[in-house]
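*Asks:* need a structure here:
(chains A and B)
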Amino acid sequence: MGDPHPKLHATDLTRTFGRPPRTVDALGPLDLTVAAGEFVCLVGPSGCGKSTLLRIAAGLLRPSTGLLEIRTTSRRPAAMIFQDYGIYDWKPVRANVRFGLDVQRVPRREANARADAWLTRMGLADFADAYPATLSGGMRQRVAIARALAVEPELLLMDEPFAALDAQLRTILQDELLELTQSTRTTTLFITHSLEEAIVLGDRVLVMSARPGRIIAEHVPPFPRPRTGDIRATAEFTALKSELWDLLRKEAAPA
Amino acid sequence: MTTIAPGRESTLVRRPGPEELHPVRTHRRRRALELSLAAAVPVLLVLLWQLAATQAWIDDRVYPAPSTILADGWDRAAAGDLWPDVWATLKRVLAGYALGTAAGYVLGLLMGSLSLVRAAFEPLLDALYVVPKLALLPIFLNMFGLGEGPQVALVATTVFFFVWISTMSAVIAVPSGHRDAGRVFGASPWQMFRHVLLPASLPSVLVGARIAAGVAVLVIVASEQIAATNGLGHLIFDSRALFQNDVMFVGIVCVAVLGVLFSELVRLAGRLLTPWAPKDRGREQS
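*Replies:* From the prediction side, this is the model:
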């Protein structure tokens, strides 16, 4: 990564929880550089601080030491998609998608137009006036994705967005997200437990160690863009997956 | 949290804040601030009251200065005039609370676990629940005559309803997975109660018990004003009739202290009984 102007740059980042003498080192030290338009996937065992890193990038949490810099033109460059959807049950689908725009005080007419465009793109146009409780899990997560992308974020943060979905739906949403991000080219940090997901979606796959999470390996899936979900059937895909699993198994197994 | 540095390309920086750089110091300061706020607000209000009384903004015969109340309370406590009333109230509250809690828990448990018992009693108890318990005092006076009986019965009835409702809803709310696991292992009704229903329902039962503790004090003071010859409620009303407003305020302060101590005691007991439950800090209602 010889980029002199990376989109996101973390130096010596750590995060500790609790107060002395009972502290838990959750993250780092970790260095990370993400270029503009890059899709970076982070995989690692449970509790390795993946989400902590994402929350620091989102500005929900401060690092204990180190710096994380985001090159941007706006004050709030990031949008985040949570595992448990984070969409509001009391807002109809269109109002949910519009939420970020409403917060930014985009005029109602324009906000509705942008929300509807995203709903159409996600295949949710018929459900614009429905409440989220009436939707299936996959549709709810599509709403969450539409809400995040509607604000046209410079940085998209996804925290295991498909973890609560069944395996078939996961694959379908992975393919949809792949198509979507290849057209928007939004800089993305994507956290997942699924190696398959990471390889399909990522320009780079970073493997994190057990707690405190550090980056122990970096792999570039050998599939040129634009790619499709069909790469799951290739021999390279299987080879990379088992290589990553060998790395991860050592970290995931209790010491 | 974030700063945009000036320059051609703005950079958003996430860096450690004071809480991260000095965790111990920040936490200590935060705690100190919380504690001083908790102490400062009541102290300030009392000082304001004191000032208003000494400056004659308010009539200090009707609203005696806090210093007068404190001195008077101290004298009465030292002379032993106060304790008989405190003790009388305490006895009634404790007796009524014990009876009401036991009855409410047993019935709540039965109605929570057996739908037929629930069907039989729920409409009746719902109807009785909304009757102001103080309106039952005349009935208790007829039943038990003068003396301790009606007072204890009134507290017991009040407490009963709080504990009954919270126990019943807690038992109904025990996740079916917990019951199923017990059933598959072949747990007898007693084992089911001992290992599953009791611990699963205890946290919310204790919340009900703590609310009931506050209400018990509330009710006893009201009923002592109507039909008792001693106790703090009697003291408050009696001294007002005699225009001893400072004694009246001593009584009110004693009731407040009694109520706080009692409900904190129940909460402490609850904490010891349910070490697995999240700490209950709120004072949901009272």
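*Asks:* look up how far chain A lies from B:Phe144.
*Replies:* Per C-beta to the nearest C-beta, to the nearest Å, B:Phe144 is found 52 Å from chain A. In short, each C-beta sits where N, CA and C put it, glycine included.
*Asks:* look at residue 231 and report its pLDDT.
*Replies:* Unless you meant another one, I'm taking chain A. The score at A:Ile231 is 90. That number is its pLDDT.
*Asks:* was after chain B, sorry
*Replies:* Reading off the model, B:Gly231 has pLDDT 82.
*Asks:* also A:Glu152?
*Replies:* For A:Glu152, the model assigns a pLDDT of 88.
*Asks:* give me the neighbour count for A:Asp129.
*Replies:* Neighbour count of A:Asp129, defined by other C-beta atoms under 10 Å in any protein chain shown: 9.
*Asks:* which one is it nearest to, not counting chain neighbours?
*Replies:* Among residues not flanking A:Asp129 along the chain, A:Pro92 sits closest, at 5.2 Å (C-beta to C-beta, 6 or more residues apart in numbering or on different chains).
*Asks:* I'd like to know how many residues surround that neighbour.
*Replies:* A:Pro92 has 16 nearby residues by other C-beta under 10 Å.
*Asks:* ditto for A:Gly18
*Replies:* 11.
*Asks:* quick one: average confidence on stretch A:67-85?
*Replies:* Stretch A:67-85 comes out at a mean pLDDT of 84.
*Asks:* how distant is it from the center of its chain?
*Replies:* 10 Å (C-alpha atoms, centre = their mean, to the nearest Å).
*Asks:* got it, and stretch A:84-99?
*Replies:* 19 Å.
*Asks:* can you name the residues that contact residue 100?
*Replies:* Assuming you mean chain A. A:79, A:147-148, A:150-151 (C-beta atoms under 8 Å, 6 or more residues apart in numbering or on different chains).
*Asks:* sorry, I should have been clearer: chain B.
*Replies:* Residues in contact with B:Gly100 (C-beta under 8 Å, 6+ apart) are B:155-160, B:163, B:212, B:216.
*Asks:* next one: the residue nearest to A:Asp129 from A:Ala128, what distance?
*Replies:* 7 Å (C-beta to C-beta, to the nearest Å).
*Asks:* try B:Leu48
*Replies:* Using C-beta to C-beta, B:Leu48 is found at 56 Å from A:Ala128.
*Asks:* what of B:Thr229?
*Replies:* For B:Thr229 relative to A:Ala128 (C-beta to C-beta), the value is 72 Å.
*Asks:* per-residue confidence for residue 124?
*Replies:* Just so you know, I chose chain A. 90.
*Asks:* try chain B instead
*Replies:* 90.
*Asks:* kindly report the same for A:His193.
*Replies:* 87.
*Asks:* do the same with B:Arg29
*Replies:* For B:Arg29, pLDDT reads 91.
*Asks:* surely it is within a strand?
*Replies:* No. Per DSSP: H, G, I helix; E, B strand; the rest coil, B:Arg29 lies outside any strand segment and is helix.
*Asks:* which one of B:Thr229 and A:Ala128 is surrounded by more residues?
*Replies:* A:Ala128 (17 against 10).
*Asks:* my guess is that one contacts A:Val93, does it?
*Replies:* Yes. When contacts are counted by C-beta atoms under 8 Å, A:Ala128 is listed as touching A:Val93 (5.4 Å).
*Asks:* joint contacts of those two?
*Replies:* With C-beta under 8 Å, 6+ apart, A:Ala128 and A:Val93 have common neighbours A:Leu119.
*Asks:* where do the helices sit along the chain?
*Replies:* Reading this off chain A. Assigned by DSSP state H, the helices in chain A fall at A:50-58, A:93-103, A:108-121, A:137-150, A:167-184, A:195-201, A:235-252.
*Asks:* oops, chain B please
*Replies:* Going by DSSP H, chain B shows helices at B:18-21, B:23-54, B:66-79, B:83-113, B:115-129, B:137-144, B:148-172, B:176-184, B:189-192, B:198-227, B:232-241, B:245-273.
*Asks:* these: which one's closest to A:Pro21?
*Replies:* In terms of C-beta to C-beta, the element of those nearest to A:Pro21 is helix B:23-54, at 9.8 Å.
*Asks:* other SSEs contacting the closest one?
*Replies:* Packing partners of helix B:23-54 (3 or more C-beta pairs under 8 Å, 6 or more residues apart in numbering or on different chains; DSSP states H and E): helix B:18-21, helix B:66-79.
*Asks:* for B:Ala213, the count of nearby residues, please.
*Replies:* B:Ala213 has 25 nearby residues by other C-beta under 10 Å.
*Asks:* that one contacts B:Gly96, correct?
*Replies:* No. Using C-beta under 8 Å, B:Ala213 is not in contact with B:Gly96, being 11.0 Å away.
*Asks:* per-residue pLDDT, B:Ala212?
*Replies:* Looking at B:Ala212, the pLDDT reads 91.
*Asks:* neighbours around A:Ala217, how many?
*Replies:* A:Ala217: 14 neighbours (other C-beta under 10 Å).
*Asks:* per-residue confidence at it?
*Replies:* So A:Ala217 comes in at 89 (pLDDT).
*Asks:* that one against A:Val207, yeah?
*Replies:* Yes. With contact defined as C-beta under 8 Å, A:Ala217 counts as touching A:Val207 (4.2 Å).
*Asks:* check the offset of stretch B:225-234 from the chain's centre.
*Replies:* Computed by C-alpha atoms, centre = their mean, the chain-centroid distance of stretch B:225-234 equals 21 Å.
*Asks:* try stretch A:172-180
*Replies:* That offset, for stretch A:172-180, works out to 13 Å (C-alpha atoms, centre = their mean).
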